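Participant: I'd like to go over a predicted model; first the sequence, then the structure.
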Amino acid sequence: MQTEKRDSSSRGIGLEKEAIGRSLRLASLFGTITFLVHVLVNLRAQHAGYGLFRDELYYIVCGRNLSWGYVDLPPMAALAARFTELVFGWHSLALFRILPSLAGAIEVAGTGLIVREMGGRRMAQALAMTGVMSCPVILAVDAILSMNAFEPLFWLGTIFALIRALNGKGTRWWAIAGAFAGLGLENKWGEAFFLFAMLGGMLLTPTRNKLKRGFVICVGLIILVALPNLIWQAHRGWPMLVWLHNTRVAGKYVVYGPAVFVWNQIFIVGPLSSALWIGGLIWLFFGRDGKRRFQWIGVTYLLYLAGMMILHANDYYLAPIYPLLFAAGGVAWERWTAAKAIGRVAVPAYACAITTYSLLGILIVEPVLTPTEYIRYIKPSGLKPREFSVKAKQSLPVLMADMTGWPEMAQKVADAYWSLPEKDREKAGVLTANYGEASAINVYRPDIPTAVSGHQTYWYWGPRGHDGSVMVVIGFTETEVRRKFSSVTEIARITNPWGQPYETTSIYICRGAMPGIVNSWSQLKNWL
């Protein structure tokens with residue numbers, strides 16, 4: 001009898017390992033496909049004439065000035081940019097964006113693994129991963145090296161570890177959840193709102209009864225891992241909060257009412273995919289197994305959605321949470337159709353429809369069409385993504401617009417510098433209005449003095465020894481420049497038909513800063 005029990009137990013373990021192996025292989029397949037799609041998109045983007053995105057240029061410069069924090073971001077994106085620049089350089093978009101491409105692949109594969117933790121089988125995994133890899137907002141987010149590209153990894157890692165911890169898989173999973181969440185805060189401060197929403201989801205559901213000693217370990221690790229950036233911020237008077245306040249007061253972003261904000265979620269995730277993630281949300285609240293074990297995830301989503309609406313956040317800030325709902329949706333669809341013959345046809349057909357729609361999504365949100373082609377084919381259709389900045393008036397979506405014109409602008413600034421007499425070049429500096437201009441000059445033209453600016457973290461880096469006696473200035477209006485210098489000469493004009501309207505500006509040769517760059521540096525501070 002004991003021998004039979006041992007044999008039965010061994011067979012059970014063997015079947016479990018085999019099932020895990022199949023799940024991992026399926027997740028790896030979908031992840032690999034996703035990675036290859038991102039690489040091909042970036043190869044095409046470079047061929048279509050696009051370059052580095054405005055923020056990527058900024059992250060490169062931040063990476064060259066590594067710190068535990070910056071005015072508008074924690075250190076993770078700067079560290080990723082520094083690693084990528086040292087290993088691959090920045091001349092190839094596909095190589096420079098290798099980390100976000102990998103992040104997108106892991107996001108898709110991680111969704112499949114969460115499906116398995118929720119009790120879904122291969123059909124549920126495939127459907128959920130198809131939803132994630134075809135989601136327009138996720139495709140757009142993973143297109144560039146940014147905080148947003150890495151954010152879903154930390155959210156998914158936290159949730160995966162918490163599910164296993166709550167299922168009694170060991171205290172170590174509480175620690176793993178804390179480590180993921182802490183690293184997420186070192187990537188983007190917005191995760192704090194997600195963590196509070198998740199805590200609320202647990203406390204408002206029966207899951208609160210499982211929050212014991214391991215939960216304390218989790219919270220302790222979150223604080224410990226996030227502490228370096230918190231110390232950096234506290235030591236400087238919380239510039240992050242100043243920046244967020246300035247952004248809110250200035251009305252920098254488009255504000256949507258609750259109804260439009262909710263509708264935008266359907267639009268940015270994809271209308272065809274909505275039946276999948278909404279089905280997942282329904283299963284989390286009303287499905288027998290979903291309600292009993294995972295209702296806290298559904299409550300987390302609703303709390304986070306409400307929080308973002310109250311804070312007038314950008315609608316795409318919810319992008320990292322949708323893989324969780326896609327995972328739940330995969331399980332829901334599998335269970336609702338398992339006993340029906342039509343399910344064997346309906347689910348694959350639905351997955352194919354989502355995939356087909358994603359091809360249109362790629363054309364809309366990814367830089368695969370040249371600017372001219374985009375204006376000709378996409379803009380008249382009305383499918384151009386909504387802009388989140390009130391200043392965005394360009395013909396292309398901001399993601400693509402801010403990938404154009406930077407090398408040409410940097411070249412004109414360099415031409416202006418080299419046109420100076422030698423005695424002026426010895427003391428001349430370059431002053432810009434924003435971090436995009438400064439970063440483009442510093443990345444593309446290392447042969448001229450490092451550009452300085454009062455924008456964001458550039459303000460902390462200061463005037464770099466320049467006294468303002470001779471400066472090449474870009475990005476300011478003529479009125480602003482004449483307030484700062486006693487002599488102003490316009491030497492060139494920057495135009496970019498595809499870029500931001502405020503990047504159409506003049507280049508000035510200025511002399512005699514009043515009362516001098518060093519003494520007036522505080523007046524150049526622009527945290528917005």
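Facilitator: Right, received. Where do you want to start? On a predicted model such as this, the values are computed, not experimentally measured, just so you know.

Participant: okay, Val255: pLDDT?
Facilitator: What the model reports as pLDDT for Val255 is 82.

Participant: contacting residues for it?
Facilitator: Contact analysis of Val255 by CB atoms under 8 Å, 6 or more residues apart in numbering lists His312. (Glycine included, C-beta is placed from N, CA and C.)

Participant: surely it is within a strand?
Facilitator: No. Per DSSP: H, G, I helix; E, B strand; the rest coil, Val255 lies outside any strand segment and is coil.

Participant: distance of it from Ser389?
Facilitator: 12 Å (CB to CB, to the nearest Å).

Participant: same question for Thr207.
Facilitator: Thr207 is 38 Å from Ser389, by CB to CB.

Participant: where does Trp238 fall, phi/psi-wise?
Facilitator: phi 60, psi 60 (degrees, to the nearest 10).

Participant: and it, how many residues sit next to it?
Facilitator: Number of residues near Trp238 (other CB atoms under 10 Å) recorded here: 14.

Participant: likewise for Thr372?
Facilitator: That count, for Thr372 with other CB under 10 Å as the rule, works out to 13.

Participant: same thing with Gly21?
Facilitator: Neighbours around Gly21, by other CB under 10 Å: 10.

Participant: name the helix or strand for it, please.
Facilitator: helix 2-47 (DSSP states H and E).

Participant: mean confidence score for the next helix or strand after that helix?
Facilitator: Using DSSP H and E, the next helix or strand after helix 2-47 towards the C-terminus is helix 54-64. In this model, helix 54-64 has a mean pLDDT of 98.

Participant: from the contact counts, what lies against helix 54-64?
Facilitator: Applying 3 or more CB pairs under 8 Å, 6 or more residues apart in numbering; DSSP states H and E, one finds that helix 54-64 contacts helix 76-88, helix 435-444.

Participant: mind redoing it with 10 Å?
Facilitator: helix 76-88, helix 93-96, helix 147-166, helix 398-401, helix 406-418, helix 435-444, helix 458-461 (3 or more CB pairs under 10 Å, 6 or more residues apart in numbering; DSSP states H and E).

Participant: now that helix against helix 76-88, angle please.
Facilitator: Counting by axes from the mean of the first three to the mean of the last three CA atoms, to 10 degrees, helix 54-64 lies at 80 degrees to helix 76-88.

Participant: find the centremost residue of the chain, please.
Facilitator: By CA atoms, centre = their mean, the chain has its centre lying nearest to Asn148, at 1.1 Å.

Participant: surely that one is in contact with Phe388?
Facilitator: No. The pair Asn148 and Phe388 does not pass the contact test of CB atoms under 10 Å, sitting 12.0 Å apart.

Participant: overlap in contacts, these two.
Facilitator: Applying CB atoms under 10 Å, 6 or more residues apart in numbering, one finds that Asn148 and Phe388 are jointly contacted by Tyr316, Tyr317.

Participant: stretch 200-211 spans what distance, first to last residue?
Facilitator: Stretch 200-211 has its terminal residues 12 Å apart, counting by CA to CA, to the nearest Å.

Participant: pull out the buried positions in it.
Facilitator: For stretch 200-211, the neighbour count (16 or more other CB atoms under 10 Å) marks Gly200, Gly201, Met202, Thr205, Thr207, Leu211 as buried.

Participant: tell me the contacts of Met188?
Facilitator: Not quite, residue 188 is Lys, not Met. By CB under 10 Å, 6+ apart, the contact list for Lys188 reads 73-74, 76-77, 146-148, 150-151, 154, 194, 317, 320.

Participant: no, scratch that, I was asking about Glu191
Facilitator: 74, 147, 151, 154-155, 158, 180-185, 198, 222, 226, 320.

Participant: next up, phi/psi of it, please.
Facilitator: Torsion angles, degrees, to the nearest 10, at Glu191: phi -60, psi -20.

Participant: how about Pro74, secondary structure?
Facilitator: coil.

Participant: what is the burial count for it?
Facilitator: Going by other CB under 10 Å, the residues that sit close to Pro74 add up to 27.

Participant: wait, it touches Glu186, no?
Facilitator: Yes. Pro74 lies in contact with Glu186 (CB under 10 Å); the separation is 4.8 Å.

Participant: could you list the domains of the protein?
Facilitator: Per automatic domain parsing, the structural domains of the chain span 15-365, 406-524.

Participant: buried set for stretch 477-485?
Facilitator: If you call a residue buried by 16+ other CB under 10 Å, then stretch 477-485 has these buried ones: Val481, Lys484, Phe485.

Participant: among the residues you listed, show me the least confident.
Facilitator: Within the buried residues of stretch 477-485, pLDDT is lowest for Lys484, at 89.

Participant: contacts only, for Cys352.
Facilitator: Cys352 neighbours (CB under 10 Å, 6+ apart): Thr130.

Participant: which residues in this structure form strands?
Facilitator: With DSSP state E, the ranges of strands along the chain come out as 429-432, 451-453, 470-474, 485-494, 505-513.

Participant: packing partners of the third one?
Facilitator: The elements that strand 470-474 packs onto, with contact taken as 3+ CB pairs under 10 Å, 6+ apart, are helix 406-418, helix 422-425, strand 429-432, helix 435-444, strand 451-453, helix 478-484, strand 485-494, strand 505-513.

Participant: tell me which of the ones you listed sits nearest to Phe261.
Facilitator: Taking CB to CB as the criterion, helix 435-444 is the member of these that comes nearest to Phe261, at 27.8 Å.
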